[in-house]
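> test case, fold it:
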Amino acid sequence: MSANRRLAGEYEERLGSVLAHALANDALNIPGFVALGRRGASVYGPRAFGLADVASGRPMTPDAMIRMYSMTKVLTSAVALMLYEKGLFKLNDPVGTYVPSFDRPWTVVREARESTGSEIAVRNMVTGRRTTVRYAPRPPRTSCGSST
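Here you go, the predicted model:
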């Protein structure tokens, strides 16, 4: 099987059309982007859409340098889900199992009806579900050198 196998024509056309229409979406407010996708051994792209530079009207190219801004959560979640697919952890595992600073009591407040208990699960970190976390109170500090 070739690593450069393309998606079936109708899917590639449909995906290209959907992505092209994304530029017209005022809510996204983006001048251009590059898309690359994969389904099994089939690859889509890289395909460039829109403009790389609005002022000059220069079109986007697949090798354009793009600022990613705050993509840390998205990239970390993608990598975590790849590790999940390899069976290296379960989505309901407590985050504290892998990140020691999270291995502490929490008060978790959710809008969902399901109970979360006092641990934050990996699932909460990668799904982006709305979860408000409050730290458990820490013991008061004692001043050094105080007389009793």
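> shouldn't Val79 be within a strand?
No. Going by DSSP: H, G, I helix; E, B strand; the rest coil, the assignment for Val79 is helix, not a strand.
> what sits against it?
Val79 makes no contacts at all, as judged by Cβ atoms under 8 Å, 6 or more residues apart in numbering. Yep, even glycine has a C-beta here, placed from its N, CA and C like the rest.
> and the pLDDT for it?
On the pLDDT scale, Val79 is placed at 89.
> please apply the same query to the one 4 residues further on.
Leu83 is assigned 92 on the pLDDT scale.
> grab the nearest non-local neighbour of it.
Nearest residue to Leu83, sequence neighbours excluded (Cβ to Cβ, 6 or more residues apart in numbering): Phe89, at 6.5 Å.
> same check, this time on Tyr84
Closest to Tyr84 by Cβ to Cβ, 6+ apart is Leu91, at 6.5 Å.
> I'd say the one you found and Arg123 touch.
Yes. Shown here, Leu91 and Arg123 form a contact pair, counting by Cβ atoms under 8 Å, at 4.1 Å.
> longest strand in the protein, please.
The residue-count maximum for a strand in the chain (DSSP state E) belongs to strand 42-53.
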